[in-house]
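Engineer: sequence unknown, structure follows:
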């Protein structure tokens with residue numbers, strides 16, 4: 001306790017970013033406002049773990065300094081995280097006009113007040129969400145298969161994804177969804193907009209996705225796996 005203020009410390013240099021959101025989620029419900037003091041580049045993202053109003057306070061923008069101080073691997077991660085400040089807070093306080101201008105250079109995104117964030121949901125709720133969605137977007141670097149892609153297809157929902165890993169097996173490009181080169185944000189955005197604007201295309205992909213998903217079921221997977229296990233044991 002310092003001057004009547006309760007101070008709670010959790011985690012170390014990196015672990016604090018895992019522990020702080022959990023602490024905010026637990027304690028913020030009793031607060032009038034949460035202030036995220038972003039003094040070291042990486043935002044706290046409290047907005048996504050509590051319904052209590054959150055304000056971000058930015059001392060300065062690091063960017064190139066991050067790689068100089070932390071090296072390329074960690075510094076690059078910090079730079080990418082810092083670039084989300086503008087889209088992670090609906091209200092920001094900066095300590096200088098220079099910092100404000102740097103923040104304003106960051107790209108905008110959709111109003112996150114219109115975005116529904118869900119955590120773990122029951123199977124029935126997951127199916128309901130997929131069925132009411134007009135598309136699924138999975139911009140993963142690599143997928144061993146991408147079970148959610150097949151689950152979405154079974155719900156009649158086409159998927160847009162990068163072409164890494166096995167996504168090109170889970171998606172029939174141009175028929176049950178779209179694949180674009182990994183990291184090509186512009187191409188992915190164009191496909192999302194195109195699918196959103198074309199009702200007939202969405203219906204066609206929806207029907208084809210359902211048909212394609214019927215090729216996969218757990219019984220077949222189990223039987224094929226058992227054949228391999230039995231052959232290996234002989």
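Structural biologist: Structure's in. What do you need? Quantities reported herein were computed from a predicted structural model and do not represent experimental measurements. Numbers count the residues shown, from 1 in each chain.

Engineer: Relative to residue 18, how far out is residue 12?
Structural biologist: 10 Å (C-beta to C-beta, to the nearest Å). In short, each C-beta sits where N, CA and C put it, glycine included.

Engineer: by contact count, what packs against the helix or strand residue 207 falls within?
Structural biologist: In this structure, residue 207 sits in helix 199-213 according to DSSP states H and E. Contacts defined by 3 or more C-beta pairs under 8 Å, 6 or more residues apart in numbering; DSSP states H and E place helix 199-213 against helix 147-154, helix 185-197.

Engineer: give me that answer again for 7 Å
Structural biologist: Identification of packing neighbours for helix 199-213 by 3 or more C-beta pairs under 7 Å, 6 or more residues apart in numbering; DSSP states H and E yields helix 147-154.

Engineer: before we move on, what SS does residue 61 have?
Structural biologist: Reduced to three states with DSSP: H, G, I helix; E, B strand; the rest coil, the structure at residue 61 is coil.

Engineer: quick one: the closest residue in space to it that isn't next to it in sequence from residue 12, how far?
Structural biologist: Spatial nearest neighbour of residue 61, excluding adjacent residues (C-beta to C-beta, 6 or more residues apart in numbering): residue 102 at 3.8 Å. Going from residue 102 to residue 12 by C-beta to C-beta gives 28 Å.

Engineer: ok, now residue 34?
Structural biologist: 22 Å.

Engineer: who's more crowded, the two?
Structural biologist: Set side by side, residue 34 and residue 12 show more neighbours around residue 34, with 18 against 9, by other C-beta atoms under 10 Å.

Engineer: contacting residues for residue 66?
Structural biologist: In this structure, residue 66 makes contact with 41, 75, 78-79, judged by C-beta atoms under 7 Å, 6 or more residues apart in numbering.

Engineer: again, only this time at 8 Å
Structural biologist: Residues touching residue 66, when contacts are defined by C-beta atoms under 8 Å, 6 or more residues apart in numbering, comprise 41, 75-76, 78-79, 82.

Engineer: May I see the buried residues of the one helix or strand it maps to?
Structural biologist: Assigned by DSSP H and E, residue 66 falls within helix 64-70. Buried residues in helix 64-70, defined by neighbour count with 16 or more other C-beta atoms under 10 Å: 66-67, 70.

Engineer: Return the set of buried residues in stretch 137-153.
Structural biologist: Taking 16+ other C-beta under 10 Å as the neighbour-count basis, stretch 137-153 is seen to contain the buried residues 137-138, 143, 146, 148-153.

Engineer: cool, stretch 160-173 as well?
Structural biologist: So stretch 160-173, judged by 16+ other C-beta under 10 Å, has buried residues 160-162, 164-165, 167, 170-172.

Engineer: What is the nearest of these to residue 202?
Structural biologist: When those are ranked by distance to residue 202 (C-beta to C-beta), residue 160 comes first, at 11.6 Å.
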